[in-house]
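> I would like to see how this sequence folds:
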Amino acid sequence: GGESLLSPHDAPTSLIYHPNEKLIACGFESGFVRIFDILTTSTKYELEQHTGAVKRLVYTKDGSHLYSAATDGHISIFDAANEYMPLKTVACDIPSECVKLCLSSNGMYLASTGPESRSITIYDSKTLVPIKKLTCRKGAGEQGESGVFKNIFFLSPNSTSLVAFTDTKAD
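Residues are numbered from 1 along each chain as shown. Here you go, the predicted structure:
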C-alpha cells in the first residue's frame with residue numbers, strides 16, 4: 001500500500017474504526033483518507049476527495065458508507081461496500097476552525113457545523129441536500145466569535161433534534 005499511518009510527510013488528523021470489519025479509516029492533513037487493514041497494517045484504499053485536512057470521519061452503523069469532512073469546507077460520501085467509491089462531494093462551507101460531523105442512528109440525517117461558525121446544518125444523508133439550518137445565539141456576556149461547537153449529536157434516531165456543546169470561555 002501507500003503511506004503508513006505514521007508518516008513524516010502527512011500527519012493524521014482523524015481516525016475511526018469500521019463497525020464490522022478489521023479496518024480503520026484515517027484522515028490526513030493533506031486531505032487524503034486512507035483505509036488501513038488492522039491485521040496487516042497495509043493501506044487498502046487511498047481516497048483523494050479533499051484539499052484540506054480531514055477533521056471528521058463517520059461510518060454508517062452498518063459500515064456501508066463513510067462520510068468525511070475537511071477544512072476545505074467539503075463533505076464527501078464513500079461507498080465502503082464498493083471499494084470506497086466516492087459517491088458525492090459537496091461544498092458545505094464548514095468553518096475550518098470547528099469542523100464537526102455526526103450521523104443520526106437511523107442513518108437518515110447528517111449534521112455538520114457551518115456555514116457560519118455558530119450554525120449547524122442538517123442534511124439528507126443520501127443526497128447531502130440541506131434540510132434544516134440551526135443557529136446558536138450568543139449567551140449573556142459572550143463577545144465576538146466565542147462559542148465554537150465542541151461536539152454535536154442527534155437526540156433520537158428519527159429526529160432532526162440535536163444537542164450541541166459550545167466552549168464559551170474567553171481566550
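
> Val129 and Glu21, how far apart?
Counting by C-beta to C-beta, to the nearest Å, the separation of Val129 from Glu21 is 29 Å. (C-beta placed from N, C-alpha, C; glycine too.)

> got it, and Ile131?
30 Å.

> any chance you could map the strands in the chain?
When assigned using DSSP state E, the strands of the chain occupy the ranges 12-17, 23-28, 33-37, 43-47, 54-59, 65-70, 74-79, 85-91, 101-103, 109-113, 119-124, 130-135, 148-154, 162-167.

> any idea which of those strands scores lowest on pLDDT?
Ranked by mean pLDDT, the strands of the chain end with strand 162-167 at the bottom, a mean of 66.

> turn the strands of the chain into CSV, including mean neighbour count.
Output for the strands of the chain, formatted as CSV (neighbours: other C-beta atoms under 10 Å):
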stretch, mean neighbour count
strand 12-17, 17
strand 23-28, 22
strand 33-37, 22
strand 43-47, 17
strand 54-59, 22
strand 65-70, 26
strand 74-79, 21
strand 85-91, 14
strand 101-103, 21
strand 109-113, 25
strand 119-124, 19
strand 130-135, 13
strand 148-154, 16
strand 162-167, 14
